[in-house]
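[1] Output the structure for:
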Amino acid sequence: MTEAETARDADASPRPAKLSLPTLTAMVVGSMVGAGVFSLPSRFAEETGVAGALIAWSLAGVGMLMLALVFQTLAVRRPDLDAGVYAYAKAGFGEYLGFFSAFGYWASACVGNVTYWVLIMSTVGVVVPALGEGDTVLALVLSSIGLWGFFLLIRRGVKEAAAINRIVTVAKVVPILVFIVLALFYFRADVFAENFAGEDYAGSLFSQVRGTMLATVFVFLGVEGASVYSRHAKRREDVGRATILGFLSVFAVFASVTIVSYGIMPMSEIAELRQPSMAGVLEHAVGTWGQVFVSVGLIVSVLGAYLAWTLMAAEVLFVAAKDDDMPRFLRRATPADVPVPALLMSSLLSQVVLIVTLFSEDAFNFALNLTSSLSLIPYLLAAAFAAKIAWPRRPPDAGPRRGRTGELAVGVLATLYTAFLLFAAGLKFVLVSFILYAPATVLFVMARREQNRRLFSPRELVILGISVAGAVTGVVALAVGWIHL
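    The predicted structure is shown next:
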């Protein structure tokens with residue numbers, strides 16, 4: 001290709017839509033505030049009392065703040081890298097691990113999107129029994145209609161979809177704030193005091209805190225929302241600002257929802273509530289209208305989160321393809337800057353997983369945990385990259401020395417935190433993740449063949465061997481009953 005042809009191709013490429021700080025912040029809030037917040041009361045009450053919840057939120061808050069600071073730091077130190085999580089893994093640890101990060105993040109988003117539809121149908125199932133718990137044929141049909149309706153909406157244009165997400169984010173946060181205010185109004189100090197220790201119901205304080213740590217993982221997924229969409233930022237520094245603003249806002253809301261619930265009813269009763277448990281708590285305080293109010297808020301919230309995660313999933317595939325780490329067909333975009341093949345592939349995977357829910361006994365909870373596990377691997381690689389570029393013996397392009405000590409501390413703490421969460425998730429979900437990662441290498445091979453490059457370097461062959469061994473172990477463990485879905 002001549003230089004003139006290359007220039008024409010560059011001119012013909014769609015220019016990224018530019019997003020402001022409020023819109024980027026809405027992407028972070030919108031991606032984190034989804035189904036998880038509405039299930040927090042019962043998920044915490046199953047494991048801990050007030051004291052354990054306060055400790056768990058403190059640990060999770062510090063750990064996730066470190067991760068948020070990692071994305072803020074990397075947005076400034078490496079403004080040349082787009083699509084955050086994936087790009088950081090590739091720059092720090094090579095193309096193959098970068099591919100794994102891109103695929104894992106994308107797959108987690110698609111699996112997580114399925115849980116949104118299941119929860120919506122389960123919520124409506126209270127008044128429409130034919131929907132069951134979101135796993136009936138009618139629920140599948142309605143969920144599929146919604147899935148492809150969102151596909152057509154996003155296909156109209158990324159900028160339009162992001163603007164809609166900003167509006168929906170405001171609409172879904174309001175009911176949650178109303179819940180907190182009403183819960184404070186009906187707050188009973190005697191009930192709160194009885195729930196404080198939680199030892200009679202949930203065991204020792206240590207076991208309570210340990211049991212709740214994983215409950216915080218899923219609700220914080222999406223803290224990297226602005227980083228993933230960094231190529232669309234009007235100003236690069238807005239990426240880091242949006243990440244911190246979004247995280248702090250959501251953290252305050254999540255912790256408040258959990259703590260105020262302990263002042264409404266005994267924790268043993270909260271633990272037995274049907275999801276969304278926030279609706280049951282408000283119903284106990286104000287009556288039936290409280291349940292309806294929260295249920296409507298949940299549907300709006302989940303649809304907004306679905307929009308945000310679908311945007312981010314397609315964006316990761318698109319940028320990976322532009323960097324030659326995914327097949328070329330995924331790099332195509334419309335003049336409106338919509339990566340349609342990547343969006344279509346994301347919707348197809350979600351559709352397949354939706355169908356699988358018909359044959360699963362506990363698809364919702366399993367999908368939540370698998371989503372968390374798949375996301376933790378990209379998070380771990382991004383945190384490790386932040387520590388790597390802040391290390392004294394850093395690469396030449398790592399930027400100025402000033403502030404390296406603080407950045408190194410943040411990177412190391414974030415790495416340790418995400419590694420602990422991956423360990424806490426358990427061997428089961430690590431093995432199941434390998435079952436997904438290993439076959440995905442086919443896409444990596446397709447991309448290498450399109451470029452007439454060697455398929456794997458010696459180092460990449462080692463990583464491939466580990467992933468295949470993990471996948472085989474996972475399949476065997478499922479077959480003989482060592483682990484169950």
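
[2] Secondary structure element holding residue 369?
    For residue 369, the host element (DSSP states H and E) is helix 363-390.

[3] Can you give me the buried ones in that helix?
    Neighbour-count burial for helix 363-390, counted by 16 or more other CB atoms under 10 Å, picks out 363-364, 366-390. C-beta: built from backbone N, CA, C; applies to glycine.

[4] packing partners for it?
    Here helix 363-390 touches helix 50-77, helix 84-93, helix 95-124, helix 215-220, helix 404-425, helix 427-450, going by 3 or more CB pairs under 8 Å, 6 or more residues apart in numbering; DSSP states H and E.

[5] Apply 10 Å and report the result again.
    Counting by 3 or more CB pairs under 10 Å, 6 or more residues apart in numbering; DSSP states H and E, the packing neighbours recorded for helix 363-390 are helix 36-45, helix 50-77, helix 84-93, helix 95-124, helix 215-220, helix 340-356, helix 404-425, helix 427-450.

[6] I'd like to know how far the nearest residue to residue 448 once chain neighbours are set aside sits from residue 98.
    Distances taken as CB to CB, 6 or more residues apart in numbering put residue 455 closest to residue 448, at 5.1 Å, once the chain neighbours are dropped. Using CB to CB, to the nearest Å, one gets 16 Å for the distance from residue 455 to residue 98.

[7] Compare those two (neighbour count), which wins?
    residue 98 (24 against 13; other CB atoms under 10 Å).

[8] The nearest residue to the more buried one once chain neighbours are set aside: what's it in contact with?
    Nearest-residue entry for residue 98: residue 90, 2.5 Å, with adjacent residues in sequence omitted and distances by CB to CB, 6+ apart. By CB atoms under 10 Å, 6 or more residues apart in numbering, the contact list for residue 90 reads 81, 83, 96-102, 320, 323, 325, 381, 385.

[9] and the least confident of those?
    Among the contacts of residue 90, residue 83 has the lowest pLDDT, at 56.

[10] Near residue 335, how many other residues are there?
    Using other CB under 10 Å, residue 335 has 10 neighbouring residues.

[11] To residue 278, which of the helices and strands packed on helix 363-390 lies closest?
    Comparing the helices and strands packed on helix 363-390 by their distance to residue 278 (CB to CB), the top pick is helix 36-45, with 4.7 Å.

[12] what angle do the closest one and helix 363-390 make?
    Angle, helix 36-45 to helix 363-390, by axes from the mean of the first three to the mean of the last three CA atoms, to 10 degrees: 100 degrees.

[13] Would you reformat the helices and strands packed on helix 363-390 as TSV and include distance to residue 279?
    What follows is the helices and strands packed on helix 363-390, written out as TSV (distance: least, CB to CB, whole Å):
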stretch	distance to residue 279
helix 36-45	7
helix 50-77	20
helix 84-93	33
helix 95-124	8
helix 215-220	17
helix 340-356	24
helix 404-425	28
helix 427-450	28
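
[14] Any figure for the gap between residue 478 and residue 39?
    27 Å.

[15] out of those two, which sits in the more crowded spot?
    More crowded of residue 478 and residue 39, by other CB under 10 Å: residue 39, with 21 against 16.

[16] returning to that earlier point: need the contact list for the residue nearest to residue 448.
    441, 444-445, 447-449, 461, 464.

[17] Which ChimeraX command selects the buried ones in those?
    With 16+ other CB under 10 Å as the criterion, this ChimeraX line picks the buried residues out of these:
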select :441,444,447,448,464
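
[18] can I assume the residue nearest to residue 448 sits in a strand?
    No. Counting by DSSP: H, G, I helix; E, B strand; the rest coil, residue 455 is not found in a strand; it is coil.

[19] Any chance of the backbone angles for it?
    With angles defined as degrees, to the nearest 10, residue 455 sits at phi -60, psi -50.
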